[in-house]
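> predicted model and sequence below, questions to follow.
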Amino acid sequence: MGTSPTLPLPAASARTQRLLAGGFFLLLVLFYYWPSLQWLPRGIHEWGQGDRLALAFGFYDHGMNFFKPHTFTLMSIDGVTGVEFPLIPYLAALGAKVGGRSLIVPLYRLLTSLTAWLAYYYLFRLVFERTGQFVAALVPGLFLAASPVFAYYAGNFLPDAAGASLAIVGAYYLLRFPRSQRFGDLALAIAIYTLASLIKLSAAVYLVAGISTLLLWGYLRPAAFTLRQRVWLLLLMGASLSLIAGYTLYNDYLNQTYNSELFLAAARPLTTMEQFDALVRRVRESWSYEYFVPFQYPVLLASLFVCLLSWRRIGRTEWLWAAQLGLATVGSLLFLKLMGVQFQHHDYYVLAPFWPGLVLLVALATTQLALHMGQLPQWVPRVLFLALGLGILLPGLRRYRERMSEPYQGFSNDYTYHWMMNGAATLAQAGVPPQATLLVVGSGAPNLSLVYFDHRGLVWNPDRQNLPPSALLQQMTQVGLDYLIMPRPVFEEMRTRYADLLTTFSEFTANNQFVVLKPPHAIPHWR
């Protein structure tokens, strides 16, 4: 298999330009995420964000046992739950062990955003090492950074953007091998793909595509690998898939043993045309505006067009890249079939299975276009790619700021975090002990309010029309909970409906946002 022609650059010059690109993307990441570094979960899918952040607090508070993740909710036995490989929350908790518990939130956000920086940087290298054109090589990273859905989740607590980012880094090392002929690049690619798949299982689309591509390459080109390399490849592939399968089974064991249903561990396929129509309608009316800014859609179409026009050169020099994209597309569509119901309700479900492939398509097209323009005066491609990059990035930055602000596109009508703000400080000032447990009524998210109040407990949201104070007290007694918390409007509703609320409970502390009630006697903790 051939390799792309590369414009010769002195080693020092290439190193300098890599450093400049890395610095530029680091500044971009800080510009995006520094203002929100201290924020607790808020905004779109704050529910899921709260669940993931609770893992970091669980590690910190319960002995840093990586293989026994805890959250705040006592829905499961002792709050233990199975979850995708929780490396990022674990590292955030580990860093907080050195710098203090208050660092968990900024460290978590910082670690997630640094995986995005890795994706931007390695996309730059993927193009730059083939073209020698600095400005052109910035374009794929800017394209990824401008995607509203990627930019949003690359700065918070869900693992989808991190899985997508690491899949891109894995692709870099896979595609580097034909040029470097260093077997270590393939080993590193499989290792990074494996890590991406553990962190976000849907990123395994790219691991399987990469493995399939290598197997196909070895079959079609017997001379591509030595016998020793073939043996090591098979061992690495087997170890990778076994590790992912083993950890998935261990997750199932944890969920079964500790009676946890916090994180989805089952297929949610599209089974009817009505479900498919609902998904298409939701994407058309809502999610399509979150996936990309308008200019990015014609860029994607243009990228596909450029690659089709360049198929002969790609077939000669980037066969591995094209095969990886083709197999990943098939895998992504199969994943969509498997989990299609979730795509309707969660914008972030596209990130790990689809975004690496789409951005790698843009990177491939950018590479081909830059090589086609190699005979033109240098200022022509520089101006073209600079205009393209700015045309993508500036609307993306604007949309990201809109998404982080309120009100936002109707989504902010569903945000619930406001009434919980400063909850932990209020409880501490009122003298609630750190080990006290809470029953929260009037919130649906299992961990979000408990994260804000920084206490373990149970979120319970039954029909309040049939929820007398005696039922609340019974629930607290059964689980072993110390305090009852309600948003102020829920408390007023309950007090009006049930005259015995404040005879069954006493008001412990309150503000305009929420009310804390205490039962008439201490309740023993059962777990």
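Yes, it's here. Numbers count the residues shown, from 1 in each chain.

> in stretch 344-363, what counts as buried?
Using 16 or more other C-beta atoms under 10 Å as the test for burial, stretch 344-363 gives 344, 346-363. Just so you know, the C-beta spots here come from the backbone N, C-alpha and C atoms, and that holds for glycine as well.

> inside helices: which ones of the residues you listed?
Within the buried residues of stretch 344-363, residues falling in helices by DSSP state H are 344, 351-363.

> now do the strands in the stretch 401-527 of the chain.
438-441, 457-460, 483-487, 506-510, 514-518 (DSSP state E, counting those that start in this stretch).

> which of these sits closest to residue 291?
strand 457-460 (30.7 Å; C-beta to C-beta).

> if we can go back for a sec, which of the strands of the stretch 401-527 of the chain sits closest to residue 64?
Of the strands of the stretch 401-527 of the chain, the one closest to residue 64 (C-beta to C-beta) turns out to be strand 457-460, at 21.9 Å.

> the closest one - contacts with which helices or strands?
When contacts are defined as 3 or more C-beta pairs under 8 Å, 6 or more residues apart in numbering; DSSP states H and E, strand 457-460 packs onto strand 438-441, helix 448-453, helix 469-479.

> take these and lay them out in CSV including mean neighbour count and distance to residue 98.
Listed next are the helices and strands packed on strand 457-460 as CSV, based on neighbours: other C-beta atoms under 10 Å; distance: least, C-beta to C-beta, whole Å:
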stretch, mean neighbour count, distance to residue 98
strand 438-441, 25, 29
helix 448-453, 28, 22
helix 469-479, 16, 34
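
> quick one: closest of the ones you listed to residue 124.
Across the helices and strands packed on strand 457-460, closest to residue 124 is helix 448-453 (C-beta to C-beta), at 35.7 Å.

> quick one, which of the helices and strands packed on strand 457-460 is nearest to residue 368?
Short answer: helix 448-453, nearest of those by C-beta to C-beta, at 45.9 Å.

> still on that earlier bit, out of the helices and strands packed on strand 457-460, which gets the lowest mean score?
For the helices and strands packed on strand 457-460, the weakest mean pLDDT is recorded on helix 469-479, namely a mean of 94.

> which secondary structure elements does that one contact?
When contacts are defined as 3+ C-beta pairs under 8 Å, 6+ apart, helix 469-479 sits against strand 438-441, strand 457-460, helix 501-504.

> export these to CSV and tack on distance to residue 513?
Below are the helices and strands packed on helix 469-479 laid out as CSV (distance: least, C-beta to C-beta, whole Å):
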stretch, distance to residue 513
strand 438-441, 13
strand 457-460, 16
helix 501-504, 18
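
> looking at these, which is closest to residue 484?
strand 438-441 (5.0 Å).

> any idea of the mean pLDDT in the longest helix along the chain?
Longest helix in the chain by number of residues (criterion: DSSP H): helix 227-257. If you average the pLDDT over helix 227-257, you get 96.

> in CSV: the helices and strands packed on strand 457-460, plus distance to residue 462.
Conversion of the helices and strands packed on strand 457-460 to CSV gives the following (distance: least, C-beta to C-beta, whole Å):
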stretch, distance to residue 462
strand 438-441, 8
helix 448-453, 16
helix 469-479, 8
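
> and those: which comes nearest residue 415?
Shortest distance between residue 415 and the helices and strands packed on strand 457-460, using C-beta to C-beta, is found for helix 448-453: 10.4 Å.

> verify the contact between residue 476 and residue 518 for me.
No - using C-beta atoms under 8 Å, residue 476 is not in contact with residue 518, being 10.1 Å away.

> what is in contact with the two at once?
Listed as contacting both residue 476 and residue 518 by C-beta atoms under 8 Å, 6 or more residues apart in numbering are 482, 484.

> kindly state the pLDDT recorded for residue 5?
49.

> which stretches of the stretch 351-500 of the chain aren't confidently modelled?
Within the stretch 351-500 of the chain, no range satisfies pLDDT under 70.

> tell me the contacts of residue 253?
residue 82.

> ok, the residue nearest to residue 39 when sequence neighbours are not counted - how many residues close by?
In this structure, residue 39 finds its nearest non-sequential neighbour in residue 105, 7.3 Å apart by C-beta to C-beta, 6 or more residues apart in numbering. Residue 105 has 22 neighbours, counted by other C-beta atoms under 10 Å.

> tell me how far residue 105 lies from residue 67.
24 Å (C-beta to C-beta, to the nearest Å).

> how about residue 344?
For residue 344 relative to residue 67 (C-beta to C-beta), the value is 33 Å.

> do the same with residue 224
39 Å.

> the more surrounded of those two?
Using other C-beta under 10 Å as the criterion, residue 224 and residue 67 rank with residue 224 on top: 17 against 8.

> hmm, that one is touching residue 218, no?
Yes - assessed by C-beta under 8 Å, residue 224 is found in contact with residue 218 at 5.7 Å.

> so which helix or strand takes in residue 39?
Here residue 39, judged by DSSP states H and E, is contained in no helix and no strand.

> run a quick neighbour tally on it.
Neighbours of residue 39 using other C-beta under 10 Å come to 17.

> now it. Its backbone dihedrals?
phi -70, psi 140 (degrees, to the nearest 10).

> now swap in residue 480 and tell me
Main-chain dihedrals, residue 480, degrees, to the nearest 10: phi 90, psi 60.

> helix, strand or coil for residue 392?
Under the three-state scheme (DSSP: H, G, I helix; E, B strand; the rest coil), residue 392 adopts helix.

> okay but it is in contact with residue 141, surely?
No - shown here, residue 392 and residue 141 do not form a contact pair, counting by C-beta under 8 Å, at 10.2 Å.

> what about those two, which has more around it?
residue 141 (30 against 24).

> okay, and that one sits in which element?
Here residue 141 is assigned to helix 134-146, by DSSP H and E.

> could you dump that helix to PDB, C-alpha only?
The C-alpha trace of helix 134-146 is given here as PDB (Å, rounded to 0.1, in the frame of the first residue of the first chain):
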ATOM      1  CA  PHE A 134      -0.300  24.200   9.000                       C
ATOM      2  CA  VAL A 135      -3.500  26.100   8.400                       C
ATOM      3  CA  ALA A 136      -5.200  23.200   6.500                       C
ATOM      4  CA  ALA A 137      -4.200  20.900   9.300                       C
ATOM      5  CA  LEU A 138      -6.100  23.000  11.800                       C
ATOM      6  CA  VAL A 139      -9.400  22.600  10.000                       C
ATOM      7  CA  PRO A 140     -10.600  19.100  11.200                       C
ATOM      8  CA  GLY A 141      -9.900  20.000  14.900                       C
ATOM      9  CA  LEU A 142     -11.900  23.200  14.400                       C
ATOM     10  CA  PHE A 143     -14.700  21.300  12.800                       C
ATOM     11  CA  LEU A 144     -14.900  19.000  15.800                       C
ATOM     12  CA  ALA A 145     -14.700  21.900  18.300                       C
ATOM     13  CA  ALA A 146     -17.500  23.800  16.500                       C
END
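
> return the list of helices and strands in contact with it.
By 3+ C-beta pairs under 8 Å, 6+ apart, helix 134-146 packs against helix 11-33, helix 104-131, helix 296-309, helix 351-372, helix 379-403.

> run the chain-centre distance for that helix.
Remark: helix 134-146 is offset 20 Å from the chain centroid, using C-alpha atoms, centre = their mean, to the nearest Å.
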